[in-house]
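Peer 1: show me how the following folds:
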Amino acid sequence: MRDECQELAAFKDRNLSVVDVGSGTGFNTEGIIRYVDPKNITCIDQSPHQIARARTKSNLTGCTFIIGDAENLPVKSNSFDRYISAGSIEYWPDPLQGLKEAFRVIKPGGIALMIGPLEPQGWLTRLLATTWMLFPKDEEYRQWMKEAGFTDLQIRYTSPHWVSTTTKYGIAISGKKPNDIPSPELTAPASTNVEVKEKTGFLRTLLLIWRVTIGSFAGFLFIPIALLGYLFSIGKQKNIPAEYRERLNGYQVFALVIILGIIAFVLWSIIT
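Peer 2: This next block holds a predicted model:
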């Protein structure tokens, strides 16, 4: 999925300067280094823990790692030939602002590529997904890219092997920054230390606990959904190149055993 989506970034030169926003542990970056030298890649993530894990990967040695916010990138305007972000937009409070930042930091003629999930089509999975985090609609991605200023939009849909090929599971959307956009050497907007007074109180605390609890439970349910989907579609991988065939790790195998055990127990309880 990652490799297919990254084709839209048109990495045709190893000397391209690339910023990977929401880079996390570097999984997306490991795809980029197939086309671009690590010294030309800047990884930005707001989690020091995630960046620390990415730094331990020997193949990412040479990349620049910066702690920063996708909606207020700590880099100069017109700095990169390519902007790419994968699996991050669903966590952004303001996706349009994040894409405006993407537009700001790439050079005129540069390409920005956004890869993210789509709102599930089934009512149950859609309910779970939107309770858990932001799952944008197809048209929202397009609208945000256009409002941010991008042109020549290119679209590709993607999905894991255990999802029907007719299902729009995820989307990769790229856009170009027009060449006629002025290119002033600006720095990122200075962050202001404005004190924001948040509402507090017992009812707000209960609401927060409720949202965290329900959201976490909804997110947890995607674990058995994905594992069972994998189990029921193992045969579909025979047509996939060996390097892309999915394998369960030890944690996933353990979770799958527990899930199957629970299902067996429930069925046994009903029968007996």
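
Peer 1: looking at it, residue 150 is touching residue 176, isn't it?
Peer 2: Yes - with contact defined as CB atoms under 8 Å, residue 150 counts as touching residue 176 (6.4 Å). For glycine as for every other residue, the C-beta is placed from the backbone atoms N, C-alpha and C.

Peer 1: now list whatever residues contact both of these two.
Peer 2: Residues touching both residue 150 and residue 176 (CB atoms under 8 Å, 6 or more residues apart in numbering) are residue 112.

Peer 1: average pLDDT for stretch 64-74, rounded please.
Peer 2: Stretch 64-74 comes out with an average pLDDT of 96.

Peer 1: could you do stretch 177-188 as well?
Peer 2: pLDDT averaged over stretch 177-188 gives 64.

Peer 1: and for stretch 87-104?
Peer 2: 94.

Peer 1: picking that back up, between residue 150 and residue 176, who's got more neighbours?
Peer 2: residue 150 (23 against 18; other CB atoms under 10 Å).

Peer 1: separation between the more buried one and residue 65?
Peer 2: According to CB to CB, to the nearest Å, residue 150 and residue 65 sit 26 Å apart.

Peer 1: just residue 2 next, same as before
Peer 2: Taking CB to CB, one finds residue 2 at 19 Å from residue 65.

Peer 1: which of those two has more neighbours?
Peer 2: Shown here are residue 2 and residue 65; by other CB under 10 Å, residue 65 has more neighbours (21 against 16).

Peer 1: which is the next helix or strand following the lowest-mean-pLDDT helix or strand in the chain?
Peer 2: Lowest by mean pLDDT, DSSP states H and E among the helices and strands of the chain is helix 123-132, with a mean of 64. Following helix 123-132 in sequence order, the next helix or strand is helix 138-148 (DSSP states H and E).

Peer 1: helices and strands around that next one, which ones?
Peer 2: helix 95-105, strand 106-117, strand 151-158, strand 170-176 (3 or more CB pairs under 8 Å, 6 or more residues apart in numbering; DSSP states H and E).

Peer 1: name the strands paired with the shortest one and say parallel or antiparallel.
Peer 2: Spelled out, that is strand 170-176. Within its sheet, and counting by DSSP bridges, strand 170-176 is paired with strand 106-117 (antiparallel), strand 151-158 (antiparallel).

Peer 1: what about these, which gets the closest to residue 212?
Peer 2: Minimum separation from residue 212 across those (CB to CB) falls at strand 106-117, 20.5 Å.

Peer 1: wait, residue 231 touches residue 256, no?
Peer 2: Yes - using CB under 8 Å, residue 231 is in contact with residue 256, at 6.8 Å.

Peer 1: the two: who's more crowded?
Peer 2: Taking neighbours as other CB under 10 Å, residue 231 and residue 256 compare with residue 256 leading, 17 against 13.

Peer 1: give the closest residue to the more buried one in space, chain neighbours not counted.
Peer 2: For residue 256, ignoring the flanking residues on the chain, the nearest one in space by CB to CB, 6 or more residues apart in numbering is residue 227 at 4.8 Å.

Peer 1: show me what the helix or strand hosting the one you found is packed up against.
Peer 2: Remark: residue 227 resides in helix 202-231, with elements defined by DSSP H and E. Identification of packing neighbours for helix 202-231 by 3+ CB pairs under 8 Å, 6+ apart yields helix 123-132, helix 250-271.

Peer 1: alpha carbons of the last one, as PDB, please.
Peer 2: The one in question is helix 250-271. Taking C-alpha atoms only, helix 250-271 is exported to PDB below (Å, rounded to 0.1, in the frame of the first residue of the first chain):
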ATOM      1  CA  GLY A 250       4.200 -12.500  17.800                       C
ATOM      2  CA  TYR A 251       1.900 -10.000  19.300                       C
ATOM      3  CA  GLN A 252      -0.700 -10.400  16.600                       C
ATOM      4  CA  VAL A 253      -0.600 -14.200  16.800                       C
ATOM      5  CA  PHE A 254      -1.200 -14.000  20.500                       C
ATOM      6  CA  ALA A 255      -4.100 -11.500  20.000                       C
ATOM      7  CA  LEU A 256      -5.600 -13.800  17.400                       C
ATOM      8  CA  VAL A 257      -5.400 -16.800  19.700                       C
ATOM      9  CA  ILE A 258      -7.100 -14.900  22.400                       C
ATOM     10  CA  ILE A 259      -9.800 -13.700  20.000                       C
ATOM     11  CA  LEU A 260     -10.500 -17.100  18.700                       C
ATOM     12  CA  GLY A 261     -10.600 -18.500  22.200                       C
ATOM     13  CA  ILE A 262     -13.200 -15.900  23.200                       C
ATOM     14  CA  ILE A 263     -15.300 -16.800  20.100                       C
ATOM     15  CA  ALA A 264     -15.000 -20.500  20.900                       C
ATOM     16  CA  PHE A 265     -16.000 -19.900  24.500                       C
ATOM     17  CA  VAL A 266     -19.000 -17.800  23.500                       C
ATOM     18  CA  LEU A 267     -20.100 -20.500  21.000                       C
ATOM     19  CA  TRP A 268     -19.600 -23.300  23.600                       C
ATOM     20  CA  SER A 269     -21.700 -21.300  26.200                       C
ATOM     21  CA  ILE A 270     -24.500 -20.900  23.700                       C
ATOM     22  CA  ILE A 271     -24.500 -24.600  22.600                       C
END
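
Peer 1: please consider this matter closed, and thank you.
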